[in-house]
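[1] here you go, sequence then predicted model.
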Amino acid sequence: MPSSDDRGRGTRRHPRFEVDVRVDWSTGRMFVSDMAVNLSLGGLCVQSGTAMPQGAEVTMVLWLPGRRPVRATGRVVWTGPSASSAILAASGVALVEMHPADRALLHDYLGEMAAGAPPAGGH
């Protein structure tokens, strides 16, 4: 189901879907494991106890259910309070670099979500 989170401000190029996907991220100074709460081909929203620094480049590993890990580099475009938790922060991350094979895995996963099929496997 497409996400209603509109903090992306402006028109999205890709549909965004509500997910519950583990994401490991690092700025080079810290390594954190959190949850992505929405995801598209262009970016994701990460809910975290550790706010991502706005403007930072982050390396990420997305643990999509039933697939091998997807690696990507992103740029933090916004950080603020989480819409669903008074304790957690949320950060919007634009995907800026990804190997074509990883992009294909993400594309297939999101295509299954768009078709209404439950994603393969689970975490």
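    Right, received. Where do you want to start?
[2] who does Phe31 form a beta bridge with?
    Ser26 (DSSP bridges).
[3] report how many residues lie close to it.
    10 (other C-beta atoms under 10 Å). In short, each C-beta sits where N, CA and C put it, glycine included.
[4] thought it was touching Asp24?
    Yes - in this structure, Phe31 is within contact of Asp24 by C-beta atoms under 8 Å, at 7.0 Å.
[5] which positions within the strand ranked longest in the chain qualify as buried?
    With DSSP state E applied, the strand covering the greatest number of residues in the chain is identified as strand 70-81. Neighbour counts using 16 or more other C-beta atoms under 10 Å place Val70, Ala72, Gly74, Arg75, Val76, Val77, Trp78, Thr79 of strand 70-81 among the buried residues.
[6] can you check which residues contact both of Phe31 and Asp24?
    Here Phe31 and Asp24 share no contacting residue, scored by C-beta atoms under 8 Å, 6 or more residues apart in numbering.
[7] quick one: contacts for the closest residue to Ile87 other than its chain neighbours?
    Nearest non-adjacent residue to Ile87, counting by C-beta to C-beta, 6 or more residues apart in numbering: Gly49, 7.1 Å away. Going by C-beta under 8 Å, 6+ apart, Gly49 touches Asp34, Ile87, Leu88, Ala89.
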